[in-house]
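Enquirer: What follows is a predicted protein model with its sequence.
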Amino acid sequence: MRAKVIFLVGPTATGKSELGIKLASRIKGEIISCDSMQVYKGMEILSAVLPPVLRKKIRHHLVSYVSPKYEYNVVKFQRDAIKILKDIIKRGKIPIFIGGSGLYYKVLLDGIFTQQTHDKRLREKLYKEAKAYSSYFLYEKLKRIDPQSSAKIHPHDLKRIIRAIEVYEKTGIPISTWQKRTKGIINEYDVRIFGLLRSKDVIFKRIQERTERMFRAGVVEEIKRLLRVKLSKTAQQAVGIKEISGYLNSLYPLEEAKRLIVSNTLKLVKKQLTWFKRDKRINWINIRDNQTDDEVIKIILDEIKN
RNA sequence: GCCGAGGUAGCUCAGUGGUAGAGCGCUGCCCUGAAAAGGCAGGCGUGGUCAGUUCGAUUCUGACCCUCGGCA
């Protein structure tokens, strides 16, 4: 019998973390974060990590895990996550993945090729070429080496063009070929995926409240602390860093920083939704405003019983 | 009250005698080593109101309304 693995996904501010803890305590679960920002240490307030008091008793993995000085990415995530997943199962517990990072989630389920292909210098070189001759120059190059990916990638999408070229240069095999050879956990375990949804109005309200709470909890101080070190390219992308930096640099008042954070978090929600909505494997739970966590847990427990 | 500037897309604004664009926003979508990233697509809006000139006005003229700045 294959071991059970549970996923709780969906956009930010739907209450995944709280639900996850309640669920974990009912089924002897441990939580593995599937969140590209909560992995970083020292960004807890900003990335809305639940305070330790609320997390006690339930083990959390991949939260406050690496220094924001370092880059973290999907491949590292899938490597770390699978290791932890196996360990949890070995200890007779149920892994519960919780998060809103669509790519992290997808890669875990469907796999990613893990050959060492990352090459900073090569990327920089390619960027320079693109700058000098436009992205079309690189796009034509990609067309020659990997017509299959070039058909999928837009000529303006420099990041993907460069990545595809990088993979080919480093391995001699087109990225499109590599991508066909991946294998995720979806067929290896008894995977149950739940997506949490709430109405737009409720999400908006929750984001506003959460943003206020963040400021009361001292995000500004947290950001000040973070800005003292050189943040990695990946960590510095978190919503709130540039918004609060603007306030710290006296470009606008505090209220404006809050407004920007709310609006950019809302944008994030929209992107997360487009990502998850098309995944037909997700079991959606549309949470009504007056519905309690326990009622939602009951739905999930009923689903995973057999 | 007088003088000046202006009223065009949700916002900031460009432009034209032949019924309008840009950026941002918004909506939808794509996504496999930066993913809270990156990319793509979508614009009939009473052109403040009314009247005049004109074959034709958002574009010229006049009146009125409103906003902003200066003077009183």
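Expert: Ah, there it is. Residues are numbered from 1 along each chain as shown, chains lettered A, B, ... in the order given.
Enquirer: Residues touching the lengthiest helix in chain A, excluding its own?
Expert: In chain A, with assignment by DSSP state H, the single longest helix is helix A:254-277. Helix A:254-277 is contacted from outside by A:9-13, A:100, A:102-103, A:105, A:195, A:203-204, A:207-208, A:211-212, A:214-215, A:220, A:239-240, A:243-244, A:246-247, A:282, using C-beta atoms under 8 Å, 6 or more residues apart in numbering. For glycine as for every other residue, the C-beta is placed from the backbone atoms N, C-alpha and C.
Enquirer: Give me the subset of these that also touch RNA strand B.
Expert: A:12, A:100, A:102-103, A:239-240 (C-beta under 7 Å from any atom of the strand).
Enquirer: Can you add pLDDT, neighbour count and secondary structure and give those residues back as a markdown table?
Expert: As requested, these are arranged in a markdown table below (pLDDT from 0 to 100; neighbours: other C-beta atoms under 10 Å; DSSP: H, G, I helix; E, B strand; the rest coil):
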| residue | pLDDT | neighbour count | secondary structure |
| --- | --- | --- | --- |
| A:T12 | 95 | 23 | coil |
| A:G100 | 95 | 27 | coil |
| A:G102 | 97 | 20 | helix |
| A:L103 | 97 | 14 | helix |
| A:V239 | 96 | 20 | coil |
| A:G240 | 96 | 26 | coil |
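Enquirer: nearest to A:I175, of those residues?
Expert: A:I175 lies nearest to A:L103 out of these, by C-beta to C-beta, at 15.1 Å.
Enquirer: I'd assumed A:N73 was in contact with that closest one.
Expert: No: here A:L103 lies out of contact with A:N73, judged by C-beta atoms under 8 Å, at a distance of 9.5 Å.
Enquirer: where along the stretch 51-200 of chain A do the strands fall?
Expert: In the stretch 51-200 of chain A, the strands defined using DSSP state E, counting those that start in this stretch lie at A:60-61, A:94-99, A:190-197.
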